[in-house]
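S.K.: need a structure here:
(chains A and B)
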Amino acid sequence: MGHIQLKQVSKSFGNIEVIPPIDLDIDDGQFVVFVGPSGCGKSTLLRLIAGLEDVTTGSIVIDGRDATAVQPARRGLAMVFQSYALYPHMSVRKNIAFPLKMARVPQDEQERLVEEAARVLNLTGFLDRRPGQLSGGQRQRVAIGRAIVREPAAFLFDEPLSNLDAALRVGMRLEISELHERLKTTMVYVTHDQVEAMTMADKIVVLRAGVIEQVGTPLELYRNPQNTFVAGFIGSPRMNLVEGPDAARHDAHTVGIRPEHVDVSSGSGMWTGTVGVSEHLGSDTFFHVTVKDLSQPLTVRAGGEVDLHYGDTIHLTPKLNHLHRFDDRGLRIT
Amino acid sequence: MATNASRAAARLMISPAVVLLLGWMLVPLGLTLYFSFLRYNLITPGANPFIGWENYYWFLTDPSFKAAMINTLLLVGGVLLITVIGGTMMALLLDQPMWGQGVIRIMVIAPFFVMPTVSGLVWKNMFMNPVNGIFGHLALGLGMEPLSFFSEIPLLSIIFIVSWQWLPFATLILLTALQSLDQEQLEAAEMDGATWVSRFIHVMLPHLARAITVVILIQTIFLLSIFAEILVTTNGGPGTSTTNLTYLIYVSSLLQFDVGMGSAGGVIAIILANIVAIFLMRMIGKNLDA
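M.R.: Numbering: from 1, shown residues only, chains lettered A, B, ... in the order given. Below you'll find the predicted structure:
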């Protein structure tokens, strides 16, 4: 069980309100990702759920029980920290067993649970090493192991992959997703990387300055961003946002079109521009195109083997059924 | 600094300093060694014949030597115990966020800057004096008999004074160590269900181990040579109850004018200090590797 409800939870540090009152429901077994730019309050929100910070107002309900004033250890949650926060003077075995030792689990039971966690996480050969002798990915797995053995109602991850290199990050992303499929435990995951959010989440919570901008499945957010912030944040590369007469033509203050929803042609199109920098990814090529009437260059996607070069003139036409329209407050027009 | 020429130049440049320092150390050491084998008493001038190990024999079999060894151990051990435990607790307190943190920290360090002679005299006359001292007045106010510190508990009083002086040092080193502890580790332990005591034992104390070793090593070196506090308060007495090794050497060479005996005591002190140093360096080396 791991059903977490936030009811009008807010947090202030002194006079500064970092999180205005918010409501949020995290269902049992869901993989929820909090995503937003740095300083948006996503880590603070996670720490409020963990109990490492006290809420200023509102209440946190875990499995139907008001946990607002409950100590972190008694909330039945386990947390994986950004720095892994392993105990450097203890072996991997002792690190993983530490929560069990604190809970006064019998010695042989501890052994069994540690062995099992180590087997699940491929750490069996490393149990007697110290954290300092492990690589980043292995340390990450130890931190997860320490969380697993407690059999928590929910896992909380605070930017767990941000200290890993790109290749390892992709691998660990898969491992965490697999772990979620296997354990079916609620997971709350904080990241600033929208790719992690899109690939792992059942439900994404987009935050900006402590305010929830939108909650939804990855595809909902991709298809129907509720405002220009979500539109610009979700999806890679960023959505092109165009203001001015081109937007007014569609009865909007701003129109958004994703790079993958623009037709590129050498003949004719709605916009005419010159190719700037192009990024070849093999499967795709992204062109930064400077269009005369627009203040910002547009990013467009073309096939991997398109023969266009710096300074070439091309014509762009947005696919109208993929056009997003926003009003002057940045909200979506439906 | 990589070529042979520059390396040779570097050696040449630092050699005056090395030679000066080496001479500064070797000449007194050599003289002390030389004197320790002579019958050399300023009261009976004249020939200073070579007498072999006789000075050492008499110094080591002197009953006050045994007393001095025990006192030295008690003094060093007692002060270390008080400063390490007290320093850890002070550091834990000072690590708490509070109003006026900066000023309080400076005030805590203050005793360290008071000269040993001054602090010895202040404690002797203003605090521990049974007639004029604050402790005496307090005891009288509570209807108890004032304690004559330096005649009833002389060694303990000196341990107390020296501890007061060295507590700030331990506190300061341990506080900086405590501040370098990753807060996420403490939070992780909190999530893992560790109480404050368990967090202290399993996370903070192992983190402090290195700093504690450093405190013990540095303090031991200085505490072995405590002298001023004893000279201004008890003069090593009553009897030999506060005479440590340093003070015993002072007594033989400057009160009994026996230069040979004093030198023998000095050499023994050097040997003992080096034994302690080797022992501590091995301990610290083991701790610093991990």
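S.K.: can we go C-alpha only for contacts and neighbour counts from here?
M.R.: Noted.
S.K.: please enumerate the helices of the stretch 101-250 of chain B.
M.R.: Assigned by DSSP state H, counting those that start in this stretch, the helices in the stretch 101-250 of chain B fall at B:101-109, B:116-122, B:134-141, B:149-152, B:154-179, B:183-191, B:196-199, B:205-223, B:228-233, B:245-250.
S.K.: highest mean neighbour count out of the ones you listed?
M.R.: Among the helices of the stretch 101-250 of chain B, helix B:245-250 has the highest mean neighbour count (mean count of other C-alpha atoms under 10 Å in any protein chain shown), at a mean of 24.
S.K.: who are the packing partners of that one?
M.R.: Applying 3 or more C-alpha pairs under 8 Å, 6 or more residues apart in numbering or on different chains; DSSP states H and E, we find helix B:245-250 packed against helix B:63-94, helix B:259-289.
S.K.: where does pLDDT dip in the stretch 1-150 of chain A?
M.R.: Regions of the stretch 1-150 of chain A meeting the criterion pLDDT under 70 cover residues A:1.
S.K.: please list the residues of it that sit near chain B.
M.R.: By C-alpha under 8 Å from any C-alpha of the partner chain, the residues of the stretch 1-150 of chain A that approach chain B are A:50, A:52, A:72-74, A:77-79, A:81, A:83, A:85-87, A:89, A:98-99, A:102-103.
S.K.: quick one on the thing from earlier: just put the helices of the stretch 101-250 of chain B in a markdown table and tack on distance to B:Leu20.
M.R.: Listed next are the helices of the stretch 101-250 of chain B as a markdown table, based on distance: least, C-alpha to C-alpha, whole Å:
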| stretch | distance to B:Leu20 |
| --- | --- |
| helix B:101-109 | 35 |
| helix B:116-122 | 29 |
| helix B:134-141 | 49 |
| helix B:149-152 | 43 |
| helix B:154-179 | 31 |
| helix B:183-191 | 48 |
| helix B:196-199 | 51 |
| helix B:205-223 | 24 |
| helix B:228-233 | 29 |
| helix B:245-250 | 27 |
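S.K.: ok, which of these comes nearest B:Phe35?
M.R.: Proximity to B:Phe35 (C-alpha to C-alpha) singles out helix B:245-250 among the helices of the stretch 101-250 of chain B, at 13.5 Å.
S.K.: same question for that closest one, mean pLDDT?
M.R.: The average pLDDT for helix B:245-250 rounds to 90.
S.K.: of the residues of the stretch 1-150 of chain A next to chain B, grab the buried ones for PyMOL.
M.R.: Selecting only the buried entries of the residues of the stretch 1-150 of chain A next to chain B in PyMOL, with 16 or more other C-alpha atoms under 10 Å in any protein chain shown as the criterion:
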select buried, chain A and resi 50+52+72+73+77+78+79+81+83+85+86+87+89+98+99+102
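S.K.: show me the residues of the stretch 1-150 of chain A next to chain B that map onto helices.
M.R.: A:50, A:98-99, A:102 (DSSP state H).
S.K.: from those, pick the one nearest chain B.
M.R.: Minimum distance to chain B across these is 4.5 Å, recorded for A:Pro99 (C-alpha to the nearest C-alpha).
S.K.: how about the residues of chain B near chain A?
M.R.: Residues of chain B that fall close to chain A, judged by C-alpha under 8 Å from any C-alpha: B:182, B:184-185, B:187-194, B:203, B:206-207.
S.K.: I'd say B:Ala91 and B:Leu172 touch.
M.R.: Yes: counting by C-alpha atoms under 8 Å, B:Leu172 is a contact partner of B:Ala91 at 7.2 Å.
S.K.: B:Leu255: neighbour count?
M.R.: B:Leu255 has 10 neighbours, counted by other C-alpha atoms under 10 Å in any protein chain shown.
S.K.: let me see the ranges of the helices in chain A.
M.R.: So, for chain A - with DSSP H - the helices run A:42-50, A:92-102, A:107-120, A:136-148, A:166-183, A:194-200, A:218-223, A:228-233, A:245-248.
S.K.: residues near A:Thr57, how many?
M.R.: A:Thr57 has 15 nearby residues by other C-alpha under 10 Å.
S.K.: typo on my end, A:Val18
M.R.: 20.
S.K.: show me the contacts for it.
M.R.: A:10-12, A:41, A:209-210 (C-alpha atoms under 8 Å, 6 or more residues apart in numbering or on different chains).
S.K.: how about B:Pro49?
M.R.: B:Pro49 makes contact with B:38-40 under the criterion C-alpha under 8 Å, 6+ apart.
S.K.: including pLDDT, neighbour count and secondary structure, could these go into JSON lines?
M.R.: Putting the contacts of B:Pro49 into JSON lines (pLDDT from 0 to 100; neighbours: other C-alpha atoms under 10 Å in any protein chain shown; DSSP: H, G, I helix; E, B strand; the rest coil) gives the following:
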{"residue": "B:Leu38", "pLDDT": "86", "neighbour count": "22", "secondary structure": "strand"}
{"residue": "B:Arg39", "pLDDT": "83", "neighbour count": "20", "secondary structure": "coil"}
{"residue": "B:Tyr40", "pLDDT": "84", "neighbour count": "25", "secondary structure": "coil"}
